[in-house]
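> Here is the input, now give the coordinates:
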Amino acid sequence: MLVHVTPVLLTYNEAPNIAAALSRLAWAKDVVVVDSASTDRTLAILAAHPNVRVFVRPFDSHAGQWRYAVHDTGITTPWILRLDADYLLTDELIRELRQLDPGAPVSAYRIGFDYAVFSQRLRSSLYPAKTVLLRQGRFEVWDNGHTESWAVDGPVVTLNGRIIHDDWKATDVWMGAQGRYMRRELAKFPTCGAGLRGWLRRRPPLMPFVVFLYCLFGKGLILNGRAGLFYAMQRLVAEAALSLMLLEARLRAKAEANGTDDDNH
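Okay, the predicted model is just below:
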């Protein structure tokens, strides 16, 4: 199967991560990377890998970048493996991919994740399994909040092998990204659904505290020590940013409404 697969990655200032990710893709004859004009050493690191083709494209949206990456970069294989720059394929997953039948009546494969904090793998996380191995012509991608969503036409099979999510970027960089992500999440609030997650998010400050306690005790991350605490606090900070933005929007709307009322008197 491996010769029928092209790994595809999006990058922007991924110098702390990209070399490790590429070290797990040495089996690929062609790796496509679409970079959003990185200003760190990302492009220099990519240039040192002869199996990598780099395309620089100004970022418009995640879906826009992905559509360009899979449709406009000259990929010739029938399968793509969509990856983030902090994804590490495990040996077990690579062996499983090698044994797959490229002609099987399957449109995509779903793969689960293990989360790592500076290479310390956690007992669990909130990171969901994703359809990352996809047959060309059997999927669509569109923007959804801070990221993108993928729809697959046809059967999807879950693999046993895992991907490790291990982001080595500094916390200040991570926090800046979360601000951008949560701003996009705020834009989808009218359609965020009636489930428990949506209910909690619409009632600041419930969600930050709930997700922190759930990660530590519900998911057992307290047993991972500082790494587990780090992950739980990341989730608290991300949800707190969204809560602040929601409160800000409500306060602004009220102040503007009061100002309009005053103008009418």
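> Can you report phi and psi for residue 138?
phi -120, psi 20 (degrees, to the nearest 10).
> so it makes contact with residue 152?
Yes: counting by CB atoms under 8 Å, residue 138 does reach residue 152; the two are 6.0 Å apart. Any C-beta I mention is one placed from the backbone N, CA and C, and that applies to glycine too.
> Find residues that contact each of those two.
Counting by CB atoms under 8 Å, 6 or more residues apart in numbering, the residues touching both residue 138 and residue 152 are 107-108.
> What does the pLDDT read for the residue lying closest to residue 115 once chain neighbours are set aside?
Nearest residue to residue 115 in three dimensions, chain neighbours excluded: residue 125, at 3.6 Å (CB to CB, 6 or more residues apart in numbering). pLDDT recorded at residue 125 is 97.
> May I ask which helix or strand encompasses residue 125?
Element membership for residue 125 (DSSP states H and E) is empty, with no helix or strand holding it.
> Does it touch residue 220 like I think?
No: in this structure, residue 125 is not within contact of residue 220 by CB under 8 Å, at 10.7 Å.
> more crowded one of those two?
Higher neighbour count among residue 125 and residue 220: residue 125, with 20 against 13, using other CB atoms under 10 Å.
> list the contacts for that one?
Residue 125 touches 113-115, 165, 215, 219, 221, 231, counting by CB under 8 Å, 6+ apart.
> List the buried residues of the helix ranked longest in the chain.
Using DSSP state H, we find that the single longest helix of the chain is helix 226-263. Buried residues in helix 226-263, counted by 16 or more other CB atoms under 10 Å: 227-232, 234-246.
> elements contacting it?
In terms of contacts (3 or more CB pairs under 8 Å, 6 or more residues apart in numbering; DSSP states H and E), helix 226-263 is packed against strand 108-117, helix 171-187, helix 196-201, helix 206-213.
> quick one, which of those is nearest to residue 85?
helix 171-187 (12.4 Å; CB to CB).
> List the contacts of the closest one.
Here helix 171-187 has contacts from 13, 145-147, 167, 234, 237-238, 241-242, 245-246, 249, using CB under 8 Å, 6+ apart.
> Then stretch 87-105?
With contacts defined as CB under 8 Å, 6+ apart, stretch 87-105 is touched by 1-2, 4-5, 20-21, 24-25, 27, 78-79, 109, 111, 114, 133, 154-155, 159-166.
> Just the C-alphas of that stretch, formatted as PDB.
C-alpha atoms of stretch 87-105 as PDB (Å, rounded to 0.1, in the frame of the first residue of the first chain):
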ATOM      1  CA  TYR A  87       2.000  14.000  14.000                       C
ATOM      2  CA  LEU A  88       4.300  11.000  14.400                       C
ATOM      3  CA  LEU A  89       3.400   7.700  12.700                       C
ATOM      4  CA  THR A  90       4.100   4.800  15.000                       C
ATOM      5  CA  ASP A  91       6.000   1.700  13.800                       C
ATOM      6  CA  GLU A  92       2.800  -0.400  14.300                       C
ATOM      7  CA  LEU A  93       0.800   2.000  12.000                       C
ATOM      8  CA  ILE A  94       3.500   2.000   9.300                       C
ATOM      9  CA  ARG A  95       3.500  -1.900   9.300                       C
ATOM     10  CA  GLU A  96      -0.300  -1.900   9.100                       C
ATOM     11  CA  LEU A  97      -0.400   0.600   6.200                       C
ATOM     12  CA  ARG A  98       2.200  -1.500   4.300                       C
ATOM     13  CA  GLN A  99      -0.100  -4.500   4.500                       C
ATOM     14  CA  LEU A 100      -3.300  -2.800   3.300                       C
ATOM     15  CA  ASP A 101      -4.800  -3.600  -0.100                       C
ATOM     16  CA  PRO A 102      -4.900  -0.400  -2.100                       C
ATOM     17  CA  GLY A 103      -7.800  -1.800  -4.200                       C
ATOM     18  CA  ALA A 104     -10.000  -2.700  -1.200                       C
ATOM     19  CA  PRO A 105     -13.600  -1.400  -1.400                       C
END
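> can you give me the offset of it from its chain's centre?
For stretch 87-105, the separation from the chain centroid amounts to 20 Å (computed by CA atoms, centre = their mean, to the nearest Å).
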